[in-house]
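Trainee: any chance you can model this:
(chains A, B, C and D)
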Number of protein chains: 2
Amino acid sequence: MTLSTPTPVRKIEIREANEARILEAAEKVFALNGYKGAATGDIAREAGLPKANVHYYFKTKSDLYREVLTHVLNDWMSAASTFEALDDPAEALRTYVSAKMEFSRKRPYGSRVWAREIMSGAPVLDNFLSTTLKTWLKQRTRIIRRWIREGKIKAVDPHALLYMIWATTQHYADFEQQIIILNGGKALSDRSYRQKTEQVVELILGSVGLNGS
Amino acid sequence: MTLSTPTPVRKIEIREANEARILEAAEKVFALNGYKGAATGDIAREAGLPKANVHYYFKTKSDLYREVLTHVLNDWMSAASTFEALDDPAEALRTYVSAKMEFSRKRPYGSRVWAREIMSGAPVLDNFLSTTLKTWLKQRTRIIRRWIREGKIKAVDPHALLYMIWATTQHYADFEQQIIILNGGKALSDRSYRQKTEQVVELILGSVGLNGS
DNA sequence: GTCTATACGTTGATAGAC
DNA sequence: GTCTATCAACGTATAGAC
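Mentor: Residues are numbered from 1 along each chain as shown, chains lettered A, B, ... in the order given. A predicted model of the protein is given here:
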């Protein structure tokens, strides 16, 4: 029996499945070693494919890296969009911090790829940061200022507050290994993580003068 | 005139000066590219020396990396030691947070080397984390619990509080580039940085129910 | 679409003249 | 103590058979 021509549908399925596997593997390897430190061979091994296939689907390492960053970015922004201009700042902050903590739990590698990209000087994310993220920050800053004006929260520096939220929530992804070691070598259970999330929410709310649920 | 034999003192001076230059260069290159991504040739160029000299003074890249980490560690612990068991938690937290912010300002590269090491799974720092740092954490946890028992601060999870302090203060070093871009491309002046430090202190104090200076 | 073989640049480390 | 020359190992990317 000779090879029959595969249907276009089947081809597309294969492509999508392989691209997804490679992207997932790449996110992990870039997270652990950074862009320069990541070898396409490592990514291929992690994905369970020959090295040549990685280059077949993504051409260059740089292209693959940009794709990974784009995916992380989309999910990061998706969590960011939960910060809304609600009347109740406690509710808004609680929702946002929880979404960021969930992102850290579900995409720890993605968070680290982001962190490493920034620590390398943000060569690829530079444009995103100075446009999309800057606009986002300006809008949320306005919301926070309004809450302060209306006497709903303490007078705090909005940037300092948002940086604290980002830093604290992302710490649970980026420094996961340190947290595990300090926890006696055991990873946080889903239950413990939910409690930590609640604690982080309470600390953030307290920092702007909003007390206990 | 032939070369006279240099005095041992002179030789030691040269060695110390060169080692210092290489260590400083290495801290920067490891911070920007991570361990695997850092090339000894880049470190040599940054230090203004031929590549062979780097290996003459430090033998292997791994040895050099460990030296850099040790230096960062010492300075990190030096800041950590400012967290004392004072009667006044506001004073203790203010001093500690300020010291950590100062560390981020003065040693941004060192902070990033630490971060990257943890994100790579802490292969070298593992031992330090599970001994020295764990002990430190246990002691400070006890102090915080005592403050809570004495009704001096709100009942918060001590680990969550300390992680928030670490994350927030280190964010100003590790994500410096992001902060600069969001600040319109301008680095924070010494004055702005002092104000941010004060804001961070206020946010942290607020998070445990301690209000205003 | 898959994968072995390979071209070719880069990197860690050393040898050996000065 | 300094530095050029060198090399083996590794890394990205591609060619070309299947």
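Trainee: what mean pLDDT would you report for the longest helix anywhere in chain A?
Mentor: For chain A, the helix that runs over the most residues, judged by DSSP state H, is helix A:8-37. Averaging pLDDT along helix A:8-37 gives 94.
Trainee: okay, the angle between that helix and helix B:8-37?
Mentor: 170 degrees (axes from the mean of the first three to the mean of the last three Cα atoms, to 10 degrees).
Trainee: distance from stretch A:72-88 to the middle of the chain?
Mentor: 12 Å (Cα atoms, centre = their mean, to the nearest Å).
Trainee: and the residue lying closest to A:Thr197 once chain neighbours are set aside, how far from A:Tyr65?
Mentor: Nearest non-adjacent residue to A:Thr197, counting by Cβ to Cβ, 6 or more residues apart in numbering or on different chains: A:Met101, 4.3 Å away. C-betas here are computed from N, CA, C, even on glycine. The gap separating A:Met101 from A:Tyr65 is 26 Å, by Cβ to Cβ, to the nearest Å.
Trainee: compare these two (neighbour count), which wins?
Mentor: Neighbours were counted for A:Met101 and for A:Tyr65 using other Cβ atoms under 10 Å in any protein chain shown; A:Met101 has more, 24 against 20.
Trainee: give me the pLDDT value at that one.
Mentor: On the pLDDT scale, A:Met101 is placed at 98.
Trainee: could you check which helix or strand contains it?
Mentor: helix A:89-106 (DSSP states H and E).
Trainee: can you name every helix or strand that that helix contacts?
Mentor: helix A:61-80, helix A:108-119, helix A:134-149, helix A:158-174, helix A:190-207 (3 or more Cβ pairs under 8 Å, 6 or more residues apart in numbering or on different chains; DSSP states H and E).
Trainee: can you name the residues in contact with it?
Mentor: Residues from elsewhere that reach helix A:89-106 (Cβ atoms under 8 Å, 6 or more residues apart in numbering or on different chains): A:75-76, A:79-80, A:82-86, A:110-111, A:143-144, A:147, A:152-153, A:165-166, A:169-173, A:193, A:196-197, A:200-201, A:204-205, A:208, A:210, A:213.
Trainee: run the chain-centre distance for stretch A:16-31.
Mentor: 15 Å.
Trainee: do that stretch and chain B come into contact?
Mentor: Yes: Stretch A:16-31 comes into contact with chain B (Cβ under 8 Å from any Cβ of the partner chain), by way of A:Ala31.
Trainee: and that stretch, anywhere near DNA strand C?
Mentor: Yes: between stretch A:16-31 and DNA strand C, judged by Cβ under 7 Å from any atom of the strand, the touching residues are A:Asn18.
Trainee: ok, residues contacting that stretch?
Mentor: A:38-39, A:42-44, A:46-49, A:53-54, A:57-58, A:64-65, A:67-68, A:71-72, A:108-113, A:116, B:119.
Trainee: could you do stretch A:127-146 as well?
Mentor: Where contact means Cβ under 8 Å, 6+ apart, the residues beyond stretch A:127-146 that reach it are A:73, A:77, A:80, A:83, A:85, A:89, A:92, A:122, A:153, A:156, A:158-159, A:161-162, B:178, B:181-182, B:185.
Trainee: could you break chain A into its assigned domains?
Mentor: Per the record, chain A has its domains at A:1-59, A:68-207, by automatic domain parsing.
Trainee: hmm, the longest one touching DNA strand D?
Mentor: No: Domain A:68-207 stays out of contact with DNA strand D when judged by Cβ under 7 Å from any atom of the strand, the minimum separation being 13.5 Å.
Trainee: what about stretch A:152-171, distance to the chain center?
Mentor: 17 Å.
Trainee: quick check: mean pLDDT of it?
Mentor: 98.
Trainee: what comes up buried for that stretch?
Mentor: Neighbour counts over stretch A:152-171 (16 or more other Cβ atoms under 10 Å in any protein chain shown) mark A:152-154, A:156-171 as buried.
Trainee: quick check: which ranges of chain A have low pLDDT?
Mentor: Within chain A, the stretches with pLDDT under 70 are A:1-8, A:212-213.
Trainee: now do the buried residues in stretch A:205-212.
Mentor: A:Leu205, A:Gly206, A:Ser207, A:Val208, A:Gly209, A:Leu210.
Trainee: ok, is it in contact with chain B or not?
Mentor: Yes: if you take Cβ under 8 Å from any Cβ as the test, stretch A:205-212 does meet chain B, through A:Gly206, A:Ser207, A:Val208, A:Gly209, A:Asn211.
Trainee: from what I can see the first one touches B:Asn211, true?
Mentor: No: between A:Gly206 and B:Asn211 no contact is recorded; they are 9.9 Å apart, counting by Cβ atoms under 8 Å.
Trainee: distance of A:Leu161 relative to B:Glu198?
Mentor: Counting by Cβ to Cβ, the gap from A:Leu161 to B:Glu198 is 14 Å.
Trainee: now do A:His159
Mentor: Counting by Cβ to Cβ, the gap from A:His159 to B:Glu198 is 13 Å.
Trainee: ok, the closest residue to A:Tyr109 other than its chain neighbours - how many residues close by?
Mentor: Nearest non-adjacent residue to A:Tyr109, counting by Cβ to Cβ, 6+ apart: A:Ala31, 3.8 Å away. Look at A:Ala31: counted by other Cβ under 10 Å, it has 25 neighbours.
Trainee: ok, the one 3 residues further on next?
Mentor: Around A:Gly34 there are 27 other residues, counting by other Cβ under 10 Å.
Trainee: and it, what does it touch?
Mentor: A:Gly34 neighbours (Cβ under 8 Å, 6+ apart): A:Arg116, A:Ser120, B:Asn33, B:Gly34, B:Lys36, B:Gly37, B:Arg116.
Trainee: just flag the most distant two among these.
Mentor: Within the contacts of A:Gly34, A:Ser120 and B:Lys36 form the most distant pair, 12.9 Å apart (Cβ to Cβ).
Trainee: could you check how far A:Arg107 is from B:Ala115?
Mentor: As judged by Cβ to Cβ, A:Arg107 and B:Ala115 stand 18 Å apart.
Trainee: who has more neighbours, these two?
Mentor: Between A:Arg107 and B:Ala115, B:Ala115 has the larger neighbour count (other Cβ under 10 Å), namely 25 against 20.
Trainee: got a list of what that one touches?
Mentor: Here B:Ala115 is in contact with A:Ala115, A:Met119, A:Asp174, A:Phe175, B:Gln170, B:Asp174 (Cβ under 8 Å, 6+ apart).
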